[in-house]
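> Model the structure of this input:
(one chain, ligands or ions: 1)
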Amino acid sequence: MNKKTTLATLIAVLIALTQLIHPSAANPAAVLGISPTVIDTRNLKPIGSTFSINITVDDVEKLWGIQFMVKYNTTILSAIDYAFLDRWGFANATRLPSLINETAGFVALARAAFLGDNFGLTTTSPVAVARIDFTVDANGTSPLDLELKDEDLDFFGALTNIKAAPFQNILLSDGQFSNTQLLGVHDVAVTNLSISATEASPGDIINIQAVIVNKGDFNETLDVRCDFNDTNLIETKRNIVLNKGTNQTVNFAWNTANIQYGKYVIAVRAVLSDSAPGDNMQTAAITLKSAIGSGGLPTIYLYVGVAIVVVIIVAIVIYALLRRRGK
Ligand SMILES: [Ca+2]
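All right, here's what the predicted structure looks like:
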C-alpha cells in the first residue's frame, strides 16, 4: 500500500463513518378541506337563496399549484360562481382551466403560480384558497365532495409544491349541505399514544399503544395505521368497528431488528376522511442507539472513538512503510 492509496482508504473510512449518523424527519399529510364542514341550515336556506363554501389547505410546504373538484347534487344545488383567494401570491398565477359543470354536478378548479413568482404557501393551520358559490334549487341534502381524481371525467388533480413534486399524502375533508335535516358528522380521533421506550437499541421490540375514539354521529369501520418516519408501515389494523360514542385501544409491536441507528417518529393514524382530520394522527419520537450508546455514552462519541483508532492505525502503517522505504 503506497501513501496515496492509504490516504484514499482513510478518507473513504471517514466518509463511511459519517454516513452512519443520519438525521430523520416526518411530514404530516397535506389536508384539502371544505369550510364550513356542514351547511346545516334547516328552514334557513329556502329555494332560491345562496351560500358559499371555502376550500382550505393545511399542513402544506411551499404549495405552488392546486387542482381539485367539488361534486354536488344538481337536483338540490347549482354552482353559480367561484373565485381564487389570492392570498399567497397567486395573483399572477397562470390560469389553468377551471369550470362549472351543471350537468355532471361538479366544479373543477385549478391554479398554479408562475415558477419563481413566489415561494409557495407554507402553513400548519387551515388557509382558505378558493370560494364556491351555490344557489339552492330544492329542499334536500347534497354532498360537497372533494375529489382529486376522476378517471371517468378524465380529471387528475394534485397539490403540488414549489419543486413541482405532488404531495403524496393528502387527506380530503368533505362537506355536506342540507336544508331539511340535521346532518351528522363523521369524526374519529387518535388519542393517548404511548410507546414502551423513547430510547432503544436496534433489535428491540417497541410496543405502541393508542386509543381511537369515535366522536361523530355515525358508527364507523376503519383501518388504523402505524408507521415510522411518515409512511414506512409498521402495521395496519384493518376493519376496526368503532360505534359512535365508543373508544378502543389498539396495540402495535415494532420489531427494530433491521432498523439503523437514528431518531424516528412513530405515527398512529385513523384512516378515515372525516370532518376534523387534524386529530386523526398522533406521533411519538424514539431514538435507536447502540448498546454502548444507550448505556450512557452518546453514539456519536462511539463513532468518533472508532475514527480516532482508525486514524492511529493508518498513521502507524504509513510510518512503517516510510521507514521501510527509507532503509
Ligand atoms: Ca377527526
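
> for the ion, what are the nearby residues on the chain?
Contact residues, the chain versus the ion (Cβ under 5 Å from the ion): 187, 189, 274, 276, 279-280. All C-beta spots, glycine's among them, are computed from the backbone N, C-alpha and C.

> Could I have the buried ones of these as PyMOL selection syntax?
This is the PyMOL syntax for the buried subset of those, where burial follows 16 or more other Cβ atoms under 10 Å:
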select buried, resi 187+189+274+276+280
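
> What about the residues of the chain next to the ion, which are in strands?
Ala189 (DSSP state E).

> want to throw the residues of the chain next to the ion into CSV with pLDDT and distance to Ala130?
Formatted as CSV, those follow (pLDDT from 0 to 100; distance: Cβ to Cβ, whole Å):
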residue, pLDDT, distance to Ala130
Asp187, 90, 24
Ala189, 96, 27
Asp274, 85, 21
Ala276, 84, 20
Asp279, 94, 25
Asn280, 95, 23
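
> Return the member of the residues of the chain next to the ion nearest to Ile100.
Asp274 (27.2 Å; Cβ to Cβ).

> Now do the end-to-end distance for stretch 79-98.
With Cα to Cα, to the nearest Å as the measure, the ends of stretch 79-98 fall 13 Å from one another.

> Now tell me what touches stretch 139-156 from outside.
Contacts with stretch 139-156, where a contact means Cβ atoms under 8 Å, 6 or more residues apart in numbering, come from 32-34, 39, 47, 53, 55, 67-73, 75-77, 104, 106, 108, 157-158, 170, 172-181, 183.

> what is the mean pLDDT for it?
If you average the pLDDT over stretch 139-156, you get 84.

> Also stretch 236-247?
92.

> Out of the contacts of stretch 139-156, list just those in strands.
Applying DSSP E to the contacts of stretch 139-156, the entries found in strands are 32-34, 39, 53, 55, 67-71, 77, 106, 108, 158, 170, 172-173, 175-178.

> Select only the buried ones of those residues in PyMOL?
This is how PyMOL selects the buried members of those, with burial counted by 16+ other Cβ under 10 Å:
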select buried, resi 32+33+34+39+53+55+67+68+69+70+71+77+106+108+158+170+173+175+176+177+178
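
> helices or strands up against the helix or strand where Val311 lies?
Per DSSP states H and E, Val311 falls inside helix 299-326. Here helix 299-326 touches helix 3-19, helix 291-294, going by 3 or more Cβ pairs under 8 Å, 6 or more residues apart in numbering; DSSP states H and E.
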